[in-house]
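no sequence for this one, just the structure:
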């Protein structure tokens, strides 16, 4: 067993103090996650028990203020899933192709301008995206598709796809820039074109970082409330059409929490618990992807 020794020099004392600070910060971070998890389960489970897990998770009607309240969140869950999937189908290819362009093909001047624009886009508040969507996108959707209102699932998907771009582009560019140049040089030496090298060598080599960027973007899409609330219509309908006014999990909580009480407030905490578990599952999948990529690289 190693004998404990007190630091003797100022440098050793400084190192010991910094190690203690880092350890406490790590414990604090883990403790915060544990406290949040415990609080979410303690706050969210009672309403699920009172309403019934099947009625709560698979019920198709939400009428929390009716004389006979109904607390079915399936429309919210499906709207969140469809909205996130739709935003990913648009944002992921655009973000990945933009990252490849910036990392491998863009001239330095163009790269600086686009990178600056992406960084500025990442700093734009959610309410600004929502305001622009409400004033520009919603009327455009109504006019183009001949609908009475453009506040619908499609508008939410378009806004979310724009909002997730900065996360995907920034992280993917960093991952692509970290690919050893020898990989690409070897591919080019064997006769592959630049495009073949980028898509068959560089992207697979940077898959862990790219996956991290994609999951960060998806996490923002799932957790977004303000912008979605301003463009989605906020009606508790089943998302059976792109032009249906819908409510996401996040907006369901945001629009009712200020006046909720009793079982209604408990049900909103249960919605937050479902959202929390959904995000935790995504984080677990991210860790699995990253560990799998590291094993392959070894």
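Looks like it arrived, so ask away. The structure presented is a predicted model; accordingly, all values stated were derived computationally and were not measured.

so what's residue 91 closest to, chain neighbours aside?
residue 161 (4.0 Å; Cβ to Cβ, 6 or more residues apart in numbering). All C-beta spots, glycine's among them, are computed from the backbone N, C-alpha and C.

give me the distance between the one you found and residue 211.
From residue 161 across to residue 211, the span is 18 Å (Cβ to Cβ, to the nearest Å).

quick one on the thing from earlier: and the strand or helix carrying the residue nearest to residue 91, what does it pack against?
When elements are assigned from DSSP states H and E, residue 161 belongs to helix 153-163. Using 3 or more Cβ pairs under 8 Å, 6 or more residues apart in numbering; DSSP states H and E, the elements in contact with helix 153-163 are helix 74-100, helix 126-132, helix 138-145, helix 207-223, helix 226-231.

the bottom helix or strand of this structure by mean pLDDT?
Least confident helix or strand of the chain, by mean pLDDT, DSSP states H and E, is helix 262-297 with a mean of 78.

run through this structure and note the low-pLDDT ranges.
Applying pLDDT under 70 to the chain flags residues 1-5, 286-287, 289-298.

pick out the residue nearest the middle of it.
Centroid-nearest residue in the chain, with Cα atoms, centre = their mean: residue 219, separated by 1.5 Å.

now do the contacts for that residue.
279, 282, 283 (Cβ atoms under 8 Å, 6 or more residues apart in numbering).

one more: residue 167?
95, 122, 213, 216, 217, 220.

between the residues you listed, which sits nearest residue 77?
Taking Cβ to Cβ as the measure, residue 77 sits nearest to residue 220 out of these, at 18.3 Å.

count of neighbours near the closest one?
Residue 220: 20 surrounding residues under other Cβ atoms under 10 Å.

touching, it and residue 164? I think so.
Yes - look at residue 220 against residue 164 with Cβ atoms under 8 Å: they come within range, at 5.5 Å.

intersection of neighbour lists for the two?
Here residue 220 and residue 164 have no joint contacts, going by Cβ under 8 Å, 6+ apart.

in CSV: the contacts of residue 167, plus distance to residue 128.
What follows is the contacts of residue 167, written out as CSV (distance: Cβ to Cβ, whole Å):
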residue, distance to residue 128
95, 20
122, 12
213, 22
216, 20
217, 18
220, 15
